[in-house]
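Participant: got a structure for you, letters missing:
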């Protein structure tokens, strides 16, 4: 069927396996990690969590599901953006140089794999005031105007930016809002939570106890 529709050979079992693995990692695990990291930060900052709950209560009570509800969750969106800054599920990305390139006085030969880290850029004190702090308010009102392009790229940059960025952001914001309007999550072992840099930045030791508000 693939060959008839596209006029190309059908994908091999290995290609299908690789596509499926990419879908699972890029489309599911990353969003899951984003929700968990955001919840870890909210559990550590109860005043911010209370503001998220109050906003979610109002939004879910008065706004129908869809993009209009997203517009009713500006603070929760700021919380998610700040969580993606501190704990980006995609913490490392790379590109291959197609031609020789002079980059700031360094010669990058064609064929070289260049790796950059969202984790490093997102916490660089040259670009971020109080870089290690969880401050969602920095994203309100259009976000920080003094931060240069390339210092925040949780979904990548350029022509190969993640095609699902808008969907993933919307999904994460709605999940965080719905979870936290229903439950107040408490970390059972707060000192044991740490990031594991696998294919995605996994939260290890994030065990929670849900309690009603």
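Facilitator: Great, that's in hand. For clarity, every value in this text was computed on a predicted model and none was experimentally measured. Numbering: from 1, shown residues only.
Participant: Then residue 203 would be within a strand, right?
Facilitator: Yes - note on residue 203: a strand contains this position according to DSSP: H, G, I helix; E, B strand; the rest coil.
Participant: Which parts of this structure are strands?
Facilitator: 93-96, 101-103, 106-108, 113-116, 184-187, 194-197, 201-204, 208-211 (DSSP state E).
Participant: Turn those into JSON lines, including mean neighbour count, distance to residue 54 and mean pLDDT.
Facilitator: For every residue, glycine as well, the C-beta is placed using N, CA and C. What follows is the strands of the chain, written out as JSON lines (neighbours: other C-beta atoms under 10 Å; distance: least, C-beta to C-beta, whole Å; pLDDT from 0 to 100):
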{"stretch": "strand 93-96", "mean neighbour count": "12", "distance to residue 54": "36", "mean pLDDT": "92"}
{"stretch": "strand 101-103", "mean neighbour count": "10", "distance to residue 54": "47", "mean pLDDT": "92"}
{"stretch": "strand 106-108", "mean neighbour count": "10", "distance to residue 54": "50", "mean pLDDT": "95"}
{"stretch": "strand 113-116", "mean neighbour count": "11", "distance to residue 54": "38", "mean pLDDT": "94"}
{"stretch": "strand 184-187", "mean neighbour count": "16", "distance to residue 54": "12", "mean pLDDT": "93"}
{"stretch": "strand 194-197", "mean neighbour count": "13", "distance to residue 54": "29", "mean pLDDT": "95"}
{"stretch": "strand 201-204", "mean neighbour count": "17", "distance to residue 54": "25", "mean pLDDT": "94"}
{"stretch": "strand 208-211", "mean neighbour count": "12", "distance to residue 54": "17", "mean pLDDT": "86"}
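Participant: lowest confidence element among the helices and strands of the protein?
Facilitator: helix 2-6 (a mean of 57; mean pLDDT, DSSP states H and E).
Participant: contacting residues around the most centrally placed residue in the chain?
Facilitator: The chain has residue 84 as the residue nearest its centroid, 4.2 Å off, counting by C-alpha atoms, centre = their mean. By C-beta atoms under 8 Å, 6 or more residues apart in numbering, residue 84 lies in contact with 34, 154.
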